[in-house]
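Engineer: everything below, folded, please.
(one chain, ligands or ions: 2)
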Amino acid sequence: MRAPWRALPTLFLAGGAGVCLAILVDAPVLAAIAAGLVALAVPRPARAEADGAEIMSPLGADAQAVLDASPDACVILADDGTVLWANLAAREQLGISTFGSPFSFALRVPDLIRAVEKVGRTGLSERARWSEKVPTSRWYEAFVSTFKLAGGAPEGRKAIAVFIRDLTEQQRLDRMREDFVANASHELRTPLAALTGFIETLQGPARDDAKAREQFLGIMREQADRMKRLTDALLSLSRIEMRAHVRPTDIVDCAEMVRYAVEMTRSMASEYNVQLELALTEEPIKVRADSDELVQVVDNLIENAIKYGGDGGRVLISAAVETTPSGATAVISVQDFGRGIAPEHVPRLTERFYRVDVEESRARQGTGLGLAIVKHIVARHRGRLTVRSELGAGSTFAVRLPMANLES
Ligand SMILES: Nc1ncnc2c1ncn2[C@@H]1O[C@H](COP(=O)(O)OP(=O)(O)OP(=O)(O)O)[C@@H](O)[C@H]1O
Ligand SMILES: [Mg+2]
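Structural biologist: Ligands and ions are numbered 1, 2, ... in the order given. Got it, this is the predicted structure:
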């Protein structure tokens, strides 16, 4: 049995090994940490608290502090795989709180344990990737490497550093991108297939049938319009995404935009037999905004209220100023008194192509991109979109925007 490392006198990370590690990991954060370790390694033992138990670390206090500042988990092991130290992220995110026992007790991840054993045996760096399903789906990547502990005794002894990065957010974004491309292609392919089918019929069996030609041309027109709506919405979304980081600078009156959007949707409201009611303050409500985008937001919210909440017979649209402890905020809200939205759908409404009822949305010429566009526009304006809904009672979509500071 080796003497427990926690009893060793001061050891500190070799800066060179740290830098080498950071270059291999290819992450600026680790490079900064490694550089920090070179500068900060101190020949004094340091103590760390984990679950109330005091542990002795092979790293100096400053080296620990630098690693504790990293968002990635870092675990330092002895060359026999015993856990010596874990940074704050490893303790908080991975729950590593037992020291002096084998790493396999702390994290039961076979691929990672194999990588650690291999690194201990060969001295060469290894990567491992794994995912967890319970309690929620999470993805991780680890980089495992050895380095020599310098200073203290036994000088030059090998240790193993395990850096673990949480890839869940990255995976989620990749999945969203894949889903988006698949959904967009599917949505475009359906009307395209209908168009091709009718063209073939018109060129073949229905060539001389004037009545069928009229009917088919009408359907083809509808399908072509559907494709146009979809490509317009996709272009609009990509334009807004491109400008996501550029905050609008024009001063716009919310009340005026709301009035304009209401006028634009009046004919649709009468088509659905819905009464549009306006509640506006006398004073203008000035915000920094792109007027076209703001109208697009209000327009989509009113259209949705008419299309999906129109059974309530009326839609109430208001613009007002709300005073909160953090300052004045403009609030535009669109309330319907229709069937409402079940709670499980509400958090997903702003996802691209998400619709509570796909067939109903299609029948009402919806693309399922309206609220995704609204969300992006509101985010670009540094605003907030909230949805309150009760089944059978209706829904309220509210957009909050910071008021323009006219002095600046
Ligand atoms: N006021 C509402 N009441 C009930 N359901 C709603 C309401 N607003 C939106 N929804 C639901 O949210 C879905 C997504 O809305 P969104 O505006 O993103 O797409 P869409 O209206 O179907 O298409 P588009 O906006 O391109 O016309 C709708 O299909 C509908 O199921
Ligand atoms: Mg819509």
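Engineer: got the residues of the stretch 251-400 of the chain near ligand 2?
Structural biologist: 300, 304, 370 (C-beta under 5 Å from the ion). C-beta here means a position set from N, CA and C on the backbone, and glycine is covered the same way.
Engineer: which one of these is nearest V334?
Structural biologist: N304 (7.8 Å; C-beta to C-beta).
Engineer: which residues touch that closest one?
Structural biologist: By C-beta atoms under 8 Å, 6 or more residues apart in numbering, the contact set of N304 is 334, 370-371, 397.
Engineer: can I assume it sits in a helix?
Structural biologist: Yes - under DSSP: H, G, I helix; E, B strand; the rest coil, N304 falls within a helix.
Engineer: sorry, back to before: how about TSV for the residues of the stretch 251-400 of the chain next to ligand 2, with distance to ligand 1 and pLDDT added?
Structural biologist: Listed next are those as TSV, based on distance: C-beta to the nearest ligand atom, whole Å; pLDDT from 0 to 100:
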residue	distance to ligand 1	pLDDT
N300	5	97
N304	3	97
G370	2	95
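Engineer: next one: the regular element (helix or strand) spanning T190 to chain centre, how far?
Structural biologist: Here T190 is covered by helix 168-203, with elements defined by DSSP states H and E. Relative to its chain's centre, helix 168-203 lies at 22 Å (C-alpha atoms, centre = their mean, to the nearest Å).
Engineer: that helix - contacts with which helices or strands?
Structural biologist: For helix 168-203, the packing partners by 3 or more C-beta pairs under 8 Å, 6 or more residues apart in numbering; DSSP states H and E come out as strand 138-150, helix 210-242.
Engineer: let's see that with 10 Å instead.
Structural biologist: Applying 3 or more C-beta pairs under 10 Å, 6 or more residues apart in numbering; DSSP states H and E, we find helix 168-203 packed against strand 126-132, strand 138-150, helix 210-242, helix 358-363.
Engineer: report the secondary structure state of L77.
Structural biologist: Taking three-state DSSP, the label given to L77 is strand.
Engineer: all further residue positions should be reported with the first residue as 30.
Structural biologist: Yes, from this point I'll number from 30; that puts the last item at L106.
Engineer: run through the bridge partners of it.
Structural biologist: Counting by DSSP bridges, L106 is bridged to V112, I189.
Engineer: does it touch I189 like I think?
Structural biologist: Yes - here L106 reaches I189: they are 4.2 Å apart, a contact under C-beta atoms under 10 Å.
Engineer: so what sits against both of these two?
Structural biologist: 113, 132, 145, 148-149, 173, 175 (C-beta atoms under 10 Å, 6 or more residues apart in numbering).
Engineer: got a list of what E373 touches?
Structural biologist: V385.
Engineer: that one should be in a helix, yeah?
Structural biologist: No - counting by three-state DSSP, E373 is not found in a helix; it is coil.
Engineer: gap between it and V210?
Structural biologist: Separation of E373 from V210 (C-beta to C-beta, to the nearest Å): 26 Å.
Engineer: ok, A190 next?
Structural biologist: 38 Å.
Engineer: looking at those two, which has the bigger crowd around it?
Structural biologist: A190 (24 against 10; other C-beta atoms under 10 Å).
Engineer: residues in contact with stretch 250-258?
Structural biologist: Counting by C-beta under 10 Å, 6+ apart, 216-227, 391, 394-396, 398 sit against stretch 250-258.
Engineer: are that stretch and ligand 2 in contact anywhere?
Structural biologist: No - using C-beta under 5 Å from the ion, we find that stretch 250-258 stays clear of ligand 2, coming within 10.7 Å at best.
Engineer: tell me the phi and psi of the nearest residue to L420 once chain neighbours are set aside?
Structural biologist: For L420, ignoring the flanking residues on the chain, the nearest one in space by C-beta to C-beta, 6 or more residues apart in numbering is G369 at 4.3 Å. Per-residue torsions, G369: phi 80, psi 180 (degrees, to the nearest 10).
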